[in-house]
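Visitor: Give me the fold of what follows.
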Amino acid sequence: MNIAEYLDSTYLKTPLQAGISENETLKKVKDLAQEAIDHHLFAVMIRPDYVSEIRKYIFERNSDVILGTVIGFHEGTCSLDEKLKEALKAIEDGADELDFVINYSEYLDGNLKHVREEFLKCTQLCMQNQKVAKWIIEIAALSDEQIADLTKNISNWAEENFSDNDLSKIFVKSSTGFYETEDGKPNGATFEGIKIMLDNAGKLQVKAAGGVRTPEDAAKMINLGVKRIGTSSALALIKNESSSEAY
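Guide: Down below sits the predicted model:
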């Protein structure tokens, strides 16, 4: 098993969250891209602000590393128009993959119509531009029953509205890694949560994100059936080391 082929190497902290400058953040993001190039990781996942610069960086090095970004991050509560605007700019800046935070707050409030419209319009924008769309459902905010239900709804909406070729470019993803839980509960992917997602994702692929910190955990996720793993510990994982990173 080549774990590197499954990894989205991730850095999503803002300068304010990390307590560093804009220039220092850009350097971290460039270092992330270089690490992915050097070690043949599948993708880098960064904030939208840095997509244009990193697109150029990857191109200049003649690399095939995939460039991903996040939309509506991390709360998912911005309006549909804001998500579409942010997504369109990311596409124009050169993103290959867009990881949207679904409006799980609207889902929890019972507004399934809003969530469906958001999914359909944002996914359609990605498919029209030959981009991959991943939908973060934030499993730490949901019960097991809600994880199953929201995953199943996304799967049904996808299969009802997109071709089989499109379905291969649509994922359901577990977590942002930024959700604040209580009592030390996991805020990212768990084996139990991922199993529920896999059981309800239909033809869609599943991405495990957050909390995968050892090569053993990564291998177990892959053996369960996930096709991608989002992690800030990519280098440690491929070097067969454990990591204390939060994501």
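Visitor: Pull the contacting residues for the spatially most central residue of the chain.
Guide: Centroid-nearest residue in the chain, with C-alpha atoms, centre = their mean: D99, separated by 4.5 Å. With contacts defined as C-beta atoms under 8 Å, 6 or more residues apart in numbering, the neighbours of D99 are 45, 68-71, 73, 134-136, 173, 207, 230. (Each C-beta comes from the backbone N, C-alpha and C, glycine too.)
Visitor: Now do the phi/psi pair for the residue nearest to it when sequence neighbours are not counted.
Guide: Taking C-beta to C-beta, 6 or more residues apart in numbering, and ignoring the residues beside it in sequence, D99 has K134 as its nearest neighbour in space, at 4.4 Å. Its backbone dihedrals place K134 at phi -120, psi 140, with angles given as degrees, to the nearest 10.
Visitor: And K134, how far from A201?
Guide: 12 Å (C-beta to C-beta, to the nearest Å).
Visitor: okay, and the common contacts of the two?
Guide: Contact with both K134 and A201 is made by residues V172, according to C-beta under 8 Å, 6+ apart.
Visitor: Neighbour count: these two, which is higher?
Guide: Neighbours per residue, other C-beta atoms under 10 Å: of K134 and A201, the larger number sits with K134, 27 against 20.
Visitor: Enumerate every residue touching that one.
Guide: The contact partners of K134, taken as C-beta under 8 Å, 6+ apart, are 68, 97-100, 170-173, 207, 228.
Visitor: Kindly indicate which of those lies nearest C122.
Guide: Comparing the contacts of K134 against C122 with C-beta to C-beta picks out F100 as the nearest, at 5.5 Å.
Visitor: Does that closest one touch T69 like I think?
Guide: No - assessed by C-beta atoms under 8 Å, F100 is found out of contact with T69, at 10.1 Å.
Visitor: Which of these two has more residues huddled nearby?
Guide: T69 (27 against 23).
Visitor: tell me the secondary structure for the more buried one?
Guide: strand (DSSP: H, G, I helix; E, B strand; the rest coil).
Visitor: so it touches D49, yeah?
Guide: No - in this structure, T69 sits apart from D49 without contact. The criterion is C-beta under 8 Å, and the distance is 9.0 Å.
Visitor: so which strand or helix has the residue lying closest to V65 once chain neighbours are set aside?
Guide: With C-beta to C-beta, 6+ apart as the measure, A36 is the residue that lies nearest to V65, at 4.7 Å, once sequence neighbours are left out. Using DSSP states H and E, A36 sits in helix 22-39.
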